[in-house]
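S.K.: Predicted model, plus sequence, below.
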Amino acid sequence: SIRQGVRGLGFLSSYLNNALILFKYEDRISYVCRLSQLDIQFMKRLHKKVNIVPIIAKADALTPNEMHAIKKKILREFDEHGISIFRIPECDSDEDEQFRRKDQEIKESIPFAIIGSTQTIEHQGRRIRGREYQWGVVDIQDEKYSDFIKLRTFLSLHMQDLKDVTSDVLYENYRAQHLAKLSQQQENDPNMTTDRLLIIKQEEIRLMQQKLEAMQEQLRCQSSQPVSSAAQSCDDLSPSRDEE
C-alpha cells in the first residue's frame, strides 16, 4: 500500500543517514605514535643550531613490536621532513671488535627508548632505580626493555663528538651565514659603512680567539689529569650495586 511504501522510504532514508554518519566517522585511536606537527616545526628550526638526540619516553608502556614500529616511523619522518639528528661517527680502525659491536648496538638503538625514575627500590636482594607497579617492578637499567644503559654509554663515549659537531659544524655554519648576511646588508644598506663591517668582523675574530684559548686550556687539563682520576670517572659511570 501507499502507507507501507512511505514507511519503507522513511526506513531507507534513516538507514542512508546512519550510513553517511558512519562513513564520516573519524578514527582517533593512535595505533602507532608519530611526531606531531609542533614537534616537526620545532625541530626544523632547531636542528641547525644544536645536536638532536631523539628519545622515546615511557618505554614500559609499549610492547616490543610497538617499540620497533615507532622507532622506524620516527626515523622515517626525520628523513621525510629533512630533520638532521646526531649521527654517531664510524669507529677508528684501531678499535677492538668488542667496542665496534657495542657501538653498533648503540647506533641501532636510536631513537633511545627509556624509562625514567627517581625512586630506589629493593628488588630481589638488591637496590635498583626503577618503577613499582601492581604487576611487578621495572628496572630502568634492564636492557631487555630499556635503552637507558645504551643512552648513558652513548653520552660517555661520544660527548667529545657532540662537542666537535657543535663547534666545528653547527657554529661554523651559523658564523658563515651571519657573515654572508652582513655582507649582503652592506650591499643593500648605504649606511652600513666599511668601518662598521670591520668592527663586526673584528668582534667575530676576538670571539674565535677566546674559543681557541678555551679549547687549548681544556686540552692541557686533560693531558695533566692523573690516571686515577680517569679511572674514578669510569667507576662513577658504572651502575651502582649494593655492597656484598
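M.R.: That came through fine.

S.K.: When you work out contacts or count neighbours from here on, use the C-alpha atoms and nothing else.
M.R.: Noted.

S.K.: Could you list the paired strands of the helix or strand containing Arg131 along with their orientation?
M.R.: In this structure, Arg131 sits in strand 126-133 according to DSSP states H and E. Using DSSP bridges, strand 126-133 pairs in its sheet with strand 120-123 (antiparallel), strand 136-139 (antiparallel).

S.K.: can you pull out the helices in this protein?
M.R.: All helices of the chain, identified by DSSP state H, fall at 2-23, 37-46, 64-80, 97-109, 148-164, 171-188, 194-224, 227-237.

S.K.: Worst mean pLDDT among the ones you listed?
M.R.: For the helices of the chain, the weakest mean pLDDT is recorded on helix 227-237, namely a mean of 47.

S.K.: neighbours around Ser117, how many?
M.R.: By the criterion of other Cα atoms under 10 Å, Ser117 has 13 neighbours.

S.K.: buried residues in stretch 95-113?
M.R.: Across stretch 95-113, burial judged by 16 or more other Cα atoms under 10 Å covers Asp103, Ile106, Lys107, Ser109, Ile110, Pro111, Phe112, Ala113.

S.K.: coming back round to it: what's the closest of the strands paired with strand 126-133 to Met67?
M.R.: Among these, the nearest to Met67 by Cα to Cα is strand 136-139 (16.5 Å).

S.K.: so how far is that closest one from its chain's centroid?
M.R.: Here the centre of strand 136-139 is set off from its chain's centre by 25 Å, with Cα atoms, centre = their mean, to the nearest Å.

S.K.: how many other residues sit next to Arg206?
M.R.: 12.

S.K.: Now the residue nearest the centre of the chain: phi and psi?
M.R.: By Cα atoms, centre = their mean, the chain has its centre lying nearest to Pro54, at 1.7 Å. For Pro54, the backbone dihedrals (degrees, to the nearest 10) come out as phi -70, psi 140.
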